[in-house]
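>>> Sequence plus the predicted model coming up.
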Amino acid sequence: MNRTPRRAAAAAASTLVIAVALTACGRDTGEGGEAATDDVVPDGPATGTVEVWAMGTEGELLPELAEQFEADNPDVTVEVTPIPWESATQKINTALATGEVPDVLQVGTTLMSGFVDQGGLAPTPDSIDSDAFFPGAWDTTVVDGTSYGVPWYVETRVLYYRTDLAEKAGLDEPTSWEELTEFAAGMQDAGADHGIALQTQGDATNLMYFPFFWQAGGEIMNEDSSEFTLDGDAQVKALDYYSSFMADGLAPQVLVEDEKVQSFIDGELGSFVSGPWERANLLATAGDDFAGKFDVTALPPDEQDASFIGGANLAVTADAANPDAAWKFVDFTTDPDVQVDWFGISNDLPAVEASWDDATLADDEALAVYGTALETARSTPAIPTWSEIGHELDLILEQVIAGKLSPEEAAQQMQDAASSIGTGLG
């Protein structure tokens, strides 16, 4: 998913309200553990018209993939409507309210719970195998114990770093929190103004921060998702560690996101945390020769490995005019070979684990870093209120980074804010 700058804007829009179930990995089950429904993707060729709404660049590129589906199903027509990410939520909400919906929706992992709460998405057929996907990716389709779509493509966060500065400082890739601090300091010793950059304010700061919370052993909610668990020792530890980079001058006290890429290219910034689209941004700005001056590595763990997972899912609307053909199209997109084809078309990273065995991805060392990170990547809870909760957490994080709140005070405020807002479920 090496994104162009235009894709980066789409990714930012799609990660404002990431919604994911941390505790559920499939459909509702009965007491015996068997699926509560026996829905399957229909056999036989698809027929009729399948109307698909897809966002941003994906909407522009999807017709090329749809041609393959039409070739396999001569009696079907796939009509793709590209929609800008900026207007997607409003357009979909209006469609759900009026019943004028497409058959298939591309849904940012951020938006699943909200559309499910409106009754807008159909449950995923049981015949679609949840085990085929990265666990964190599948969980992004699950709301209150039931899946409402399939993962289409994924992204996660890794550490970008200047290899020339690391070599000058004699640094190896960090493998622990302590080593990451030493790595940032070493980058400054090698000439960078700041050794690392982390998000310090604004929308979705919590998504940059939560990998550190998870690495410290934290959980956002308890096992049955009935209570928030944001005020424990892991939260205090992670807040203290995250804010230490800014407090100690290793990272900018206020990160200006629009300046990050150029600062990295100029050697003023030694490393930063971001997603796979940044490679395209860097090369588009600095030229292909810059590829030899940077590399990526997984975020180093504390107690455990963890990163953030994002991307987009494909879902069939509850009022789809052609649900059988719609699910066949959605199922088609999850075939491992088709996922590799889509990567070739779009650079979007496959959500299906088997696709990563293909030489197209397996032989690329940088992509392998993402593949490894995706195995333990996770996201925030799939609850209708997460947008509101995430906003409150962003404000609290900003105060910790600015030195206006202690980690202990902030942890309690996070717990109080989330508990006051609630889950919005049942």
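Received it, and whenever you're ready, just let me know what you need.
>>> neighbouring contacts of stretch 121-134?
Stretch 121-134 is contacted from outside by 25-27, 35, 37-41, 105, 107, 112, 115, 138, 141, 146-151, 154, 309, 315-318, 320, 323, 327, 331, 334, 336, 351-354, 374-375, 377, using Cβ atoms under 8 Å, 6 or more residues apart in numbering. The C-beta positions use only the backbone N, C-alpha and C, and glycine is treated the same way.
>>> For it, give the mean pLDDT please.
Along stretch 121-134, the predicted local confidence has a mean pLDDT of 96.
>>> about what we covered before: which among the contacts of stretch 121-134 end up buried?
Restricting the contacts of stretch 121-134 to buried positions leaves 25-27, 39, 41, 105, 107, 112, 115, 138, 141, 146-151, 154, 309, 315-318, 320, 323, 327, 331, 334, 336, 351-353, 374, 377, with burial counted as 16 or more other Cβ atoms under 10 Å.
>>> So which of these are in helices?
Here DSSP state H is the test, and those give 112, 115, 138, 323, 327, 331, 336, 374 as lying in helices.
>>> mind checking how far the closest residue to the last one other than its chain neighbours is from T57?
Nearest in space to L374, with sequence neighbours left out and distances taken as Cβ to Cβ, 6 or more residues apart in numbering, is F134 at 4.8 Å. Relative to T57, F134 is positioned 22 Å away (Cβ to Cβ, to the nearest Å).
>>> more neighbours, these two?
Comparing F134 with T57 by neighbour count (other Cβ atoms under 10 Å), the higher total belongs to F134, at 26 against 19.
>>> For stretch 75-85, report the contacting residues that lie outside it.
Contacts made with stretch 75-85 from outside it, assessed by Cβ under 8 Å, 6+ apart, are listed as 9-10, 13-14, 45-56, 59-60, 62-63, 66, 69-70, 91, 102, 108, 325, 329.
>>> can you dump the C-alpha coordinates of it into CSV?
Extracted C-alpha coordinates of stretch 75-85, given in CSV (Å, rounded to 0.1, in the frame of the first residue of the first chain):
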residue,chain,number,x,y,z
ASP,A,75,-23.7,-12.3,-17.2
VAL,A,76,-22.8,-9.8,-14.5
THR,A,77,-21.9,-6.1,-14.8
VAL,A,78,-20.0,-4.3,-12.0
GLU,A,79,-20.7,-0.6,-11.8
VAL,A,80,-18.1,1.3,-9.7
THR,A,81,-18.8,4.8,-8.4
PRO,A,82,-15.7,6.6,-7.1
ILE,A,83,-16.4,8.8,-4.1
PRO,A,84,-14.0,11.2,-2.4
TRP,A,85,-13.1,10.2,1.1
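>>> What number of residues are in the vicinity of G344?
G344 has 12 neighbouring residues, counting by other Cβ under 10 Å.
>>> I'd say it and T360 touch.
Yes. Here G344 reaches T360: they are 6.8 Å apart, a contact under Cβ atoms under 8 Å.
>>> isn't G422 right next to T385, touching?
Yes. Counting by Cβ under 8 Å, G422 touches T385, with 6.1 Å between them.
>>> Could you check which of those two has the larger neighbour count?
Shown here are G422 and T385; by other Cβ under 10 Å, T385 has more neighbours (19 against 13).
>>> show me what contacts that one?
Applying Cβ under 8 Å, 6+ apart, the residues near T385 are 421-424.
>>> Also G202?
For G202, the contact set (Cβ under 8 Å, 6+ apart) comprises 257, 394.
>>> can you rerun that using 7 Å?
For G202, the contact set (Cβ atoms under 7 Å, 6 or more residues apart in numbering) comprises D394.
>>> next one: V50
By Cβ under 7 Å, 6+ apart, V50 lies in contact with 76, 78, 103-104, 322, 325-326, 329.
>>> all strands for the stretch 51-200 of the chain, in order.
Assigned by DSSP state E, counting those that start in this stretch, the stretch 51-200 of the chain shows strands spanning 76-83, 104-108, 142-143, 146-147, 150-156, 158-162.
>>> quick one: the last one to chain centroid distance?
Between the centre of strand 158-162 and the centre of its chain there are 18 Å (Cα atoms, centre = their mean, to the nearest Å).
>>> Pull up the pairing partners for it, direction included.
Here strand 158-162 is paired, per DSSP bridges, with strand 271-274 (antiparallel), strand 294-297 (antiparallel).
>>> Looking at the ones you listed, spot the one closest to H194.
Proximity of the strands paired with strand 158-162 to H194 was assessed by Cβ to Cβ; the nearest stretch is strand 271-274, lying at 8.9 Å.
>>> which other residues reach the closest one?
Surrounding strand 271-274, the residues in contact under the criterion Cβ under 7 Å, 6+ apart are 157, 159-162, 184, 187, 195-198, 208, 260, 264, 299.
>>> Quick check: mean pLDDT of it?
Summarised as a single mean, pLDDT over strand 271-274 is 96.
>>> Give the residue spans of this protein that score low on pLDDT.
Judged by pLDDT under 70, the chain has its weakly predicted residues at 1-38.
>>> ok, now how distant is the residue nearest the centre of the chain from K237?
Closest to where the C-alpha atoms of the chain average out (Cα atoms, centre = their mean) is G310, at 0.9 Å. Here the distance between G310 and K237 works out to 25 Å (Cβ to Cβ).
>>> ok, now T47?
In this structure, T47 and K237 are separated by 57 Å, where distance is defined by Cβ to Cβ.
>>> And the two? Which one has more around it.
Using other Cβ under 10 Å as the criterion, T47 and K237 rank with K237 on top: 21 against 15.
>>> For that one, list the residues it contacts.
For K237, the set of contacting residues under the criterion of Cβ under 7 Å, 6+ apart consists of A216.
>>> G195 and E182 touch, don't they?
No. The pair G195 and E182 does not pass the contact test of Cβ atoms under 7 Å, sitting 9.4 Å apart.
>>> you'd agree A184 is up against D248?
No. In terms of Cβ under 7 Å, A184 does not count as a neighbour of D248; the distance is 8.7 Å.
>>> neighbour count winner among the two?
For A184 and D248, the more surrounded residue by other Cβ under 10 Å is A184, and the numbers stand at 26 against 12.
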